[in-house]
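> Fold the following for me, if possible:
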Amino acid sequence: MAHVPLAADVAAAMENWRRWLGAERRLSAHTLRGYEHDLLSFLGFLADHLGGAPDVAALGRMRPADIRGWLARRAGEGAEARTRARALSAVRSFFRHLGRSAAIDESALTAVRGPRLPHGVPKPLTRDEASSVLEAAGDMEDAPWIGRRDAALFAMLYGCGLRLGEALSLTRGEAPAGDALTVTGKGRKQRVVPVLPLVRDLIAAYVAACPFALERTGPLFVGARGGPLNPAVAQRQMRRLRPLLGLSDTATPHALRHSFATHLLGAGVDLR
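The predicted structure follows:
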C-alpha cells in the first residue's frame with residue numbers, strides 16, 4: 001500500500017488503538033497487520049476525497065456517503081464482499097476505540113450496513129480460520145473478561161469437539177484440569193475427549209478474569225449478569241466475527257466442532 005498521509009492526532013490515536021488491540025485483545029501480529037491495512041485503506045481514501053489528511057475532528061464529521069464511497073472503491077478494486085465486510089469491521093473497531101477518548105460522532109458508521117455476504121455450502125473452518133476465531137473473539141466486547149469467556153468457550157468447541165450445549169452445561173467443578181474430559185452428550189451417552197494445554201490456559205484466564213463468584217456446582221460459562229450463558233449469545237458472537245475475519249455464513253459454533261473432527265481425521269487420528 002502506498003504511503004498514507006496521517007494527521008498527528010489521528011496517527012497518535014491509531015498507535016493507541018494498535019497497542020490496545022495487542023495488549024487488551026491479545027490479537028496476533030498477523031491480525032494486527034490486517035486491521036492496520038484496512039484502516040489505512042480507509043484513511044487514504046478520505047485523504048483523497050477531502051483533499052488532505054483528516055484530523056480527528058474531521059473524522060467526527062464523516063457522512064454515511066463517505067463510507068459507502070470507500071466501500072465502492074474497494075469493490076471496484078476487486079475486493080470481494082467478505083473482504084469489504086472485514087475492512088468495515090476494522091474501521092468500526094478503530095472508531096469505537098477513538099470514541100472513548102475523543103467522544104466523536106460514530107453515527108455515519110452505524111448507518112452503513114455491511115456488504116451482503118454470499119451463502120456457501122457448509123464446510124469446516126481451516127486451521128488458520130479456527131485460530132483466528134480464538135484470537136479475535138476478545139475484540140467483540142469492551143469488557144475483557146467477556147472476551148476471555150468467548151475465547152475459552154470457542155476453544156472448547158474446537159479443541160475438545162464439544163457441542164455448544166455440552167460446553168454450556170459444564171459446571172465450574174467440571175472445568176478441565178487434566179488432559180481429558182468426560183462429557184455427557186445426546187442420549188445421556190458419555191465420551192472422553194482430549195483437552196489441549198491451550199484450552200486449559202484459556203479457561204483459566206477466563207475464570208481468573210470473571211467478576212462473578214463461580215460456584216463449583218454452578219455454570220462454568222456465565223453471561224454479563226452472572227447467570228448461565230445463553231446459547232444465542234455465543235451464536236451472536238460468531239455472527240459478529242464472520243465479517244471481521246472474512247468467514248462464510250457457515251462459520252457457526254457447531255462448525256468449530258466439525259472442524260475439530262475434520263482436522264483430526266486429516267492428521268490420521270482414529271476418532272473412535
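> Can you show me the strands along the chain?
For the chain, the strands defined by DSSP state E cover 180-184, 190-194.
> any chance of these in TSV, with mean pLDDT and distance to Ala12 too?
Where you see a C-beta, it was placed from the backbone N, CA and C, and this is true even at glycine. Formatted as TSV, the strands of the chain follow (pLDDT from 0 to 100; distance: least, Cβ to Cβ, whole Å):
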stretch	mean pLDDT	distance to Ala12
strand 180-184	84	46
strand 190-194	83	46
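> among those strands, which is the most enclosed?
Most buried of the strands of the chain, by mean neighbour count (mean count of other Cβ atoms under 10 Å): strand 180-184, with a mean of 15.
> Can you name every helix or strand that that one contacts?
Contact partners of strand 180-184 among helices and strands, from 3 or more Cβ pairs under 8 Å, 6 or more residues apart in numbering; DSSP states H and E: strand 190-194.
> that older thread, out of the strands of the chain, which gets nearest to Arg172?
Closest of the strands of the chain to Arg172 is strand 180-184, at 13.7 Å (criterion: Cβ to Cβ).
> Using CSV, write out the CA atom coordinates for that closest one.
What follows is strand 180-184, C-alpha atoms only, in CSV (Å, rounded to 0.1, in the frame of the first residue of the first chain):
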residue,chain,number,x,y,z
ALA,A,180,-9.1,-35.4,29.2
LEU,A,181,-12.7,-34.5,30.0
THR,A,182,-15.7,-36.8,30.4
VAL,A,183,-18.7,-35.3,28.6
THR,A,184,-22.3,-36.3,28.7
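> List the strands paired with that strand, with their directions.
Partners of strand 180-184 in the sheet, by DSSP bridges, are strand 190-194 (antiparallel).
> residues making contact with the partner strand?
Strand 190-194 has contacts (Cβ atoms under 8 Å, 6 or more residues apart in numbering) with Gly159, Cys160, Gly161, Leu162, Asp179, Ala180, Leu181, Thr182, Val183, Thr184, Gly185.
> any idea how far Tyr158 is from Gln127?
No Gln there; residue 127 is Arg. Noted for Arg127: a distance of 10 Å to Tyr158, by Cβ to Cβ, to the nearest Å.
> can I get the contacts of strand 190-194 in TSV with distance to Ala251?
Below are these laid out as TSV (distance: Cβ to Cβ, whole Å):
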residue	distance to Ala251
Gly159	16
Cys160	18
Gly161	16
Leu162	17
Asp179	28
Ala180	27
Leu181	24
Thr182	28
Val183	23
Thr184	27
Gly185	22
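> For Ala213, state which of those residues is nearest.
Ala213 has its nearest neighbour among the contacts of strand 190-194 in Leu181, at 22.8 Å by Cβ to Cβ.
> Cys160 versus the closest one, what's the distance?
Taken as Cβ to Cβ, the span from Leu181 to Cys160 is 6 Å.
> Now for these two: what residues contact both?
In contact with both Leu181 and Cys160: Val193, Pro194, Val195, using Cβ under 8 Å, 6+ apart.
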